[in-house]
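Peer 1: With the input below, show me the fold.
(4 chains)
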There are 2 protein chains.
Amino acid sequence: MRVLIVDDHQLIRAALRDLLHRQYSILDCVEASSGETALSAVKQKEFDVAIVDLFIPGETAFVFLQKLCKQRPSLPVVVLSATDNQQHMQQCIDLGAKAFVNKGEAMEKVIDAIEKVIIGDVFLPSALSKKVETSISPESGELPDLNLEIVLKVLTDRQLDILRMIAQGKSNKVIAREKELSDNTVKVHVSAILRALDLKNRTQIGLLAQKLGLINFN
Amino acid sequence: MRVLIVDDHQLIRAALRDLLHRQYSILDCVEASSGETALSAVKQKEFDVAIVDLFIPGETAFVFLQKLCKQRPSLPVVVLSATDNQQHMQQCIDLGAKAFVNKGEAMEKVIDAIEKVIIGDVFLPSALSKKVETSISPESGELPDLNLEIVLKVLTDRQLDILRMIAQGKSNKVIAREKELSDNTVKVHVSAILRALDLKNRTQIGLLAQKLGLINFN
DNA sequence: ACACCAATACTCCTAAAGTATTAGTGACCT
DNA sequence: AGGTCACTAATACTTTAGGAGTATTGGTGT
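Peer 2: Next up, the predicted model:
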């Protein structure tokens, strides 16, 4: 069993490793504490399953998840999350994850999930299947119809970067200083984001980012 | 060694337990998955140290921490956090915690922290001592600690009304037209909201509203 | 009758946000 | 080698946001 563990918390990685060791006598376990190292790991090596924590620093977890699933569509991904947010679950599945496990649940759920996904099944908490069908936009539908894939596609890396900072309530000036850019440049990027996503102002950018889970909650 | 572990994630509890078992041959380890059970545990039993996870959002963690430290001032508390937020660290120390360890760091830090606090010392990441003196940065992307009750209490009905419209990405002009007010009046309300909640701009109002779930109900 | 306060509206003012255009640079492509 | 594109930055401009102050209205409670 070749497993890739992606989590920035060493404590969790160790717990997962121990859990897997008890379950599988033959275990090849690679750990990554960031999205970048994880992606380079899957380039060099084949894995049977990947266990990914939903909130990893540096890059947004969802962006990483998409990259991972695109790069290795055959690699089943089990998402570990500290939350039970239905939107996040749905988003993960849409991006290509094959299982979703809450950290608060019993650890054995992780093993259950692995067993399911390596035979091609999907493992989801019962909560999701119920809510998926009912979650069709009960929303204050002011924002354009944008999903994560579209946003990631039409925005450049730099724009995504600045989008996240807008979504933290930061002003252009603060963004400029933190990124070491001129105010003018920031404004150009903001304008480009607004045009690309057909939004009217930065408040809507913030709302969209929140809705799509593009924010690092830290 | 009698240790109380408070964390809602079974994975983390197990990892900590294993870690402690390897370190201390004589170990009496009690686990609690919620604040309530933890508080009742310390009523019935004496502990040498408590390890408490900071489940950040919701504020219950801080409330619990305060209760715990008040109830047993002699019990040293090690706070485990997923973030390295300086304000959170400072707040924990103010409430009576004796150590602060980031989950991303090496697990051995937890042992280090325990060793420190049981002899009466304080264990802090180097980051804190540096940043404490530089005060709480006014330009960080962090929202003030606000929960729903506080917001509903300090804002008038009209302000809540306008807060929701801001949180939908509407401009002052749009709000004024829809509510049949003058632009000036809307601005007065917006200013009052910003002042009352100690926020810096309307983007943060939108984020707060989203975070507190204030935008679904009308 | 009085004090209090939310809500409304106004003015004056500054800062921030956003639009439009031009332009230099480097990377990548095929 | 020429073309495209992302990023950067500048100038010049309009619009929006936000602060500070004043004032009127209408309701509330004591």
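Peer 1: following the helix or strand of chain A with the lowest mean pLDDT, which helix or strand comes up?
Peer 2: Among the helical and strand segments of chain A, the one scoring lowest on mean pLDDT, DSSP states H and E is helix A:126-134, with a mean of 43. Where DSSP states H and E defines the elements, the next helix or strand beyond helix A:126-134 is helix A:148-154.
Peer 1: and that following helix, how far out from the chain's middle?
Peer 2: Centre-to-centre, helix A:148-154 and its host chain are 13 Å apart (C-alpha atoms, centre = their mean, to the nearest Å).
Peer 1: helices and strands around that helix, which ones?
Peer 2: Judged by 3 or more C-beta pairs under 8 Å, 6 or more residues apart in numbering or on different chains; DSSP states H and E, helix A:148-154 is in contact with helix A:61-71, helix A:86-95, helix A:183-197. C-beta: built from backbone N, CA, C; applies to glycine.
Peer 1: Just the buried positions in that helix, please.
Peer 2: Within helix A:148-154, the residues that count as buried by 16 or more other C-beta atoms under 10 Å in any protein chain shown are A:148, A:151-152.
Peer 1: likewise stretch A:74-84?
Peer 2: Buried residues in stretch A:74-84 (16+ other C-beta under 10 Å): A:75-83.
Peer 1: Can you list the neighbours in contact with that stretch?
Peer 2: With contacts defined as C-beta atoms under 8 Å, 6 or more residues apart in numbering or on different chains, stretch A:74-84 is touched by A:7, A:12, A:42, A:47-55, A:65, A:68-69, A:88-89, A:92, A:96-104, A:110, A:113-114, A:117-118, A:120, A:123, A:125, A:127, B:9, B:55, B:82.
Peer 1: let's go with 6 Å and repeat that
Peer 2: For stretch A:74-84, the external contacting residues (C-beta atoms under 6 Å, 6 or more residues apart in numbering or on different chains) are A:47, A:49-54, A:92, A:97-103, A:113, A:117.
Peer 1: Now that stretch: average pLDDT?
Peer 2: For stretch A:74-84, mean pLDDT is 84.
Peer 1: got the contact list for the residue nearest in space to the middle of chain A?
Peer 2: For chain A, residue A:62 is the residue whose C-alpha lies nearest the centre (C-alpha atoms, centre = their mean; 2.1 Å). Contacts for residue A:62 (C-beta under 6 Å, 6+ apart) come out as residue A:213.
Peer 1: and it, how far is that from residue A:149?
Peer 2: As judged by C-beta to C-beta, to the nearest Å, residue A:62 and residue A:149 stand 10 Å apart.
Peer 1: ok, back up a step: which of the contacts of stretch A:74-84 are buried?
Peer 2: Buried members of the contacts of stretch A:74-84, scored by 16+ other C-beta under 10 Å, are A:47, A:49-54, A:92, A:97-103, A:113, A:117.
Peer 1: Which members of these occur in helices, if any?
Peer 2: Using DSSP state H, the subset of the buried ones among the contacts of stretch A:74-84 located in helices is A:92, A:113, A:117.
Peer 1: Quick one: those as JSON lines, columns for pLDDT too.
Peer 2: Below are these laid out as JSON lines (pLDDT from 0 to 100):
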{"residue": "A:92", "pLDDT": "82"}
{"residue": "A:113", "pLDDT": "91"}
{"residue": "A:117", "pLDDT": "91"}
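Peer 1: Would you agree residue A:174 falls within a strand?
Peer 2: No: secondary structure of residue A:174 (DSSP: H, G, I helix; E, B strand; the rest coil): helix, not part of a strand.
Peer 1: now, which of the ones in helices among the buried ones among the contacts of stretch A:74-84 lie close to DNA strand C?
Peer 2: Contacts with DNA strand C are made by none of these, judged by C-beta under 7 Å from any atom of the strand.
Peer 1: from those residues, which single one is nearest residue A:205?
Peer 2: residue A:92 (22.8 Å; C-beta to C-beta).
Peer 1: ok, the buried residues of helix A:148-154 vs chain B, which is closest?
Peer 2: Of all those, chain B sits closest to residue A:151, with 15.6 Å by C-beta to the nearest C-beta.
Peer 1: Skipping adjacent residues, who's closest to the closest one in space?
Peer 2: Leaving aside its chain neighbours, residue A:151 sits nearest to residue A:212 (6.3 Å; criterion: C-beta to C-beta, 6 or more residues apart in numbering or on different chains).
Peer 1: Is it correct that the one you found is in contact with residue A:148?
Peer 2: Yes: in this structure, residue A:212 is within contact of residue A:148 by C-beta atoms under 6 Å, at 4.9 Å.
Peer 1: Output the set of residues of chain A in proximity to chain B.
Peer 2: Applying C-beta under 6 Å from any C-beta of the partner chain, we find that chain A lies next to chain B at A:8-11, A:14-15, A:103-104, A:106-107, A:140, A:142, A:168-170, A:174, A:202-204, A:206-207, A:210, A:218.
Peer 1: Buried subset of those, written for ChimeraX?
Peer 2: Buried residues among the residues of chain A next to chain B (16+ other C-beta under 10 Å), as a ChimeraX selection:
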select /A:8,9,10,11,14,15,103,104,107,168,169,170,174,202,203,204,206,207,210
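Peer 1: Just the residues of chain A next to chain B: which are in helices?
Peer 2: Taking DSSP H, the ones among the residues of chain A next to chain B that sit in helices are A:10-11, A:14-15, A:174, A:202-204, A:206-207, A:210.
Peer 1: before we move on, back to that, out of the buried residues of helix A:148-154, flag the one nearest to residue B:35.
Peer 2: Closest approach between those and residue B:35, by C-beta to C-beta: residue A:148, at 34.6 Å.
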